[in-house]
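Student: need a 3D model of the following:
(chains A and B)
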There are 2 protein chains.
Amino acid sequence: MQDTAKRMELVEALQKVLAADRVTMNETILQQHSSDESYHKAHLPEVVVFPENTAEVSEIMKLATYFDMPVVPYGYGSSLEASVIPHQGGITIDFANMASVLEVRENDFLVRVQPGVTRSQLEKELKKYGLFFTVDPGADATLGGMAATNASGTTSVKYGIMRDQVRDLEVVLADGSIIHTGNLAEKSSSGYNLNGLFVGSEGTLGCFTELTLKVTGIPEHIMAARAEFSTVDDAVNAVITIIQAGIPIARVELVDEEAIRQMNVYSDTTYREVPTLFLELHGNEAGLQHDVQFMEEIVTDMNCRQIEFETDTAARNKLWEARHHAAYAFIHNHPGRKQMVTDVCVPISELAGAVKDARQAVEASGLSGGIVGHVGDGNYHILLMLDPNDSIEVEKANKVNEQIVGYALERGGTCTGEHGVGTGKQKYQKQEHGDALLVMRKIKRALDPDDILNPGKIIE
Amino acid sequence: MQDTAKRMELVEALQKVLAADRVTMNETILQQHSSDESYHKAHLPEVVVFPENTAEVSEIMKLATYFDMPVVPYGYGSSLEASVIPHQGGITIDFANMASVLEVRENDFLVRVQPGVTRSQLEKELKKYGLFFTVDPGADATLGGMAATNASGTTSVKYGIMRDQVRDLEVVLADGSIIHTGNLAEKSSSGYNLNGLFVGSEGTLGCFTELTLKVTGIPEHIMAARAEFSTVDDAVNAVITIIQAGIPIARVELVDEEAIRQMNVYSDTTYREVPTLFLELHGNEAGLQHDVQFMEEIVTDMNCRQIEFETDTAARNKLWEARHHAAYAFIHNHPGRKQMVTDVCVPISELAGAVKDARQAVEASGLSGGIVGHVGDGNYHILLMLDPNDSIEVEKANKVNEQIVGYALERGGTCTGEHGVGTGKQKYQKQEHGDALLVMRKIKRALDPDDILNPGKIIE
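Tutor: So this is what the prediction gives:
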């Protein structure tokens, strides 16, 4: 925004609504809200606000509409596709002060939270009730952010994605009005499915101020395993066979040799540096024994070199912690460089071909990159490290991403399985959605006619 | 429509697009398309068309827009809330000639079907591949109709509802354009969730011409049981405890003594006429044994009088057939009367109170009624028999329905768990959705500005 007078007028108006210290133009804080965890270019907001309740968010929205000012909701900043970057400046709403677990309805397997609650914070609270929240994206993101991008992660192969867990959202719309998108019932056929529409809308249709989420009983028994292979191909084929055999696996993660190498350095582990599957099964003990035996037969048939089981909680936690830190390991081990993460998801029968094609693309580019992925649902990531100021490197990485996306879209896949569109996946939207993109535009225009809600994201 | 000349002009235009014999004003056929399976008032369409492909549906839509004529999609006619009744006349599109299973991608657990395929037809086809389609609403509805109302039924407690199974829809919009709402990937965060929005839209946003659905491997082992109780309260409390104990039940149906009585007459069964739970578990044998034992302990604690297991396929099929025919049993045993079926869904902790309140309401009304329900997800139905021409009886039934809905909405429930809104649940939309209804209206207006798509349904 060029207009300093307008900016000051807005800030004064905001300070009448919120306490003055929760409306800031402090350079460091603006800086903190200018970027995400990826290679995307940073951009400063004009002002950052820290509301404490829904009424304040509503007032902020009314002012944004009045001043025709962009609004960007901000959780933890762990976006990988620039969803939280205020490319057009404006107001960034940080939900750090709306971070309470409001209610645990343990008998209904429901929890009501504010958008700033982080995944680990919720986990800690639910443990008291023998419950857990199934969506585990790796990053310790906020629940609001996870709903905004329809996050998923390691456990979605069994429990589903973020959209599957959302029973109700309290949403503040562009004009400041407050709606609820759902209810507390397990299912509903009443009216249009606003829950599903707002989940994944990345702040472009409204701001979430409360979420009611489905939670799950901690499984009676958990069995984790690590299976080592000689080739990525063998590992992927093992996954495909496990899925097609109907084994109700709770997690199955592929980590290639390069990613294992980075993990070992970062997490101080000593896993053999070969393509590896990290697996987990949940259930009752008798049923699990049966499934594990079946699974062991399958991976052996698929040239598994070694499989090791971990039933001990501490060992299991260490294993998953290392896996979760894979992306950070790359970042940590490549100081000064930024990460581009591909995120296609393909039908499971296309997975082996897709991963093979992706590896060839990475090798041809000469970039450093590893593969990690929630391969049980056909979703995998190539972690590419690049210098965002080196235009040739950025160009190379973009080409790799384009080839991977093109391969997936030609086979009925999607350009983003779980990270969202932001600006990073915008150029693929027309190819992926065709004329359905016009329908999305109509919905955006109907609900945000002045284009103040996270403008320029998802819909160009 | 009063304008006969306009009607004839439309019919002639339609006959240029479709073969003449697939455009009909035959009185018997109009009559067949004037009602559903419930008490709602019938209304004739102007013309019924039987397209054979998507291009024809697109041409029909263009003509509907040109002639400003309502369009109502029609599958099997098993709606219970008037979703298929053409209250404003116009064109009814019957999908009887678009009823092919187009593709089974067995390795991807996907099937692509035309909207007129019925559930039993799909079942038969999938069996060849060791697969089944999980959504089982009782009626042998079409898949297009099931997606249009977001149907669910007996198995949703384990496998989810219709919306959870839809990966992609081919949809013809009001202007005749053709879009795809999804893709073949297991999950996606790309763009707005149009799959979820169109599922449950009851033909008010577009006409489905193809559906890609998730299918599931037939379970290794199935165990069915029938548990008899002295009171509905005991039965409901047993369900609540089973769910809260985390037993991964695949079906749990409550049938009260009156409904058992009607079933026995209709299905020639001899079940004891007491409140009964019909249960089913799916999994591997070892795991099931464990779960069944746990479940048996729970129902015994909850004053179960007797529990009988059926592992034999024929006995199990007979049990579920009888359950599925419960609604038809009431209709068959009450010649000349029509059925009103309540359909609330409440949080599981509110179920016992809701059912008790509903029974009192029915008793106070003096109407004949029974309870059946997919109680594992908090959804239950009161089947009320009434003479639609007896205004006092209709009034009484409406009052019962209103009380039941009011009770559910006050406790975070929904007025319709699986039957949809049609016109029957319209009067509760404002109370249930509040200002979210305005958002739904905006979406409807954005996608159907001339209000030709099943006008007057869901959104008034």
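Student: residue contacts, the residue nearest to A:Val215 when sequence neighbours are not counted?
Tutor: Spatially, and ignoring its direct neighbours in sequence, A:Val215 is nearest to A:Leu131 (4.6 Å; C-beta to C-beta, 6 or more residues apart in numbering or on different chains). (Glycine included, C-beta is placed from N, CA and C.) Contact analysis of A:Leu131 by C-beta atoms under 8 Å, 6 or more residues apart in numbering or on different chains lists A:104, A:106, A:109, A:111, A:215-218.
Student: now do the phi/psi pair for A:Leu131.
Tutor: phi -110, psi 160 (degrees, to the nearest 10).
Student: now swap in A:Leu254 and tell me
Tutor: For A:Leu254, the backbone dihedrals are phi -100, psi 130 (criterion: degrees, to the nearest 10).
Student: follow-up on the earlier one: are any of the contacts of A:Leu131 buried, and if so which?
Tutor: A:104, A:106, A:109, A:111, A:215-217 (16 or more other C-beta atoms under 10 Å in any protein chain shown).
Student: which one of these sits closest to chain B?
Tutor: Taking C-beta to the nearest C-beta as the measure, chain B sits nearest to A:Gly217 out of the buried ones among the contacts of A:Leu131, at 3.9 Å.
Student: now the end-to-end length of stretch A:428-438.
Tutor: Start and end residues of stretch A:428-438 are separated by 14 Å (C-alpha to C-alpha, to the nearest Å).
Student: that stretch near chain B anywhere?
Tutor: Yes - residues of stretch A:428-438 contacting chain B under C-beta under 8 Å from any C-beta of the partner chain: A:428-429, A:432-438.
Student: cool, stretch A:187-199 as well?
Tutor: Yes - applying C-beta under 8 Å from any C-beta, one finds that stretch A:187-199 is in contact with chain B at A:187-197, A:199.
Student: quick one on the thing from earlier: partner residues bridging the residue nearest to A:Val215?
Tutor: Using DSSP bridges, the beta-bridge partners of A:Leu131 come out as A:Gly217.
Student: measure it to B:Glu432 for me?
Tutor: 27 Å (C-beta to C-beta, to the nearest Å).
Student: following the longest helix along chain A, which helix or strand shows up next?
Tutor: Identified as the longest helix of chain A according to DSSP state H is helix A:391-410. Per DSSP states H and E, helix A:391-410 leads on to helix A:429-433 as the next helix or strand towards the C-terminus.
Student: where in the stretch 351-460 of chain A is pLDDT low?
Tutor: Along the stretch 351-460 of chain A, no part satisfies pLDDT under 70.
Student: now it against chain B: closest residue?
Tutor: Closest residue of the stretch 351-460 of chain A to chain B, C-beta to the nearest C-beta: A:Gly412 (3.2 Å).
Student: what is the longest helix of chain A packed up against?
Tutor: strand A:338-341, helix A:351-365, strand A:379-386 (3 or more C-beta pairs under 8 Å, 6 or more residues apart in numbering or on different chains; DSSP states H and E).
Student: possible to save the ones you listed as CSV with mean neighbour count and distance to A:Pro70?
Tutor: Conversion of the helices and strands packed on helix A:391-410 to CSV gives the following (neighbours: other C-beta atoms under 10 Å in any protein chain shown; distance: least, C-beta to C-beta, whole Å):
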stretch, mean neighbour count, distance to A:Pro70
strand A:338-341, 21, 24
helix A:351-365, 19, 35
strand A:379-386, 26, 28
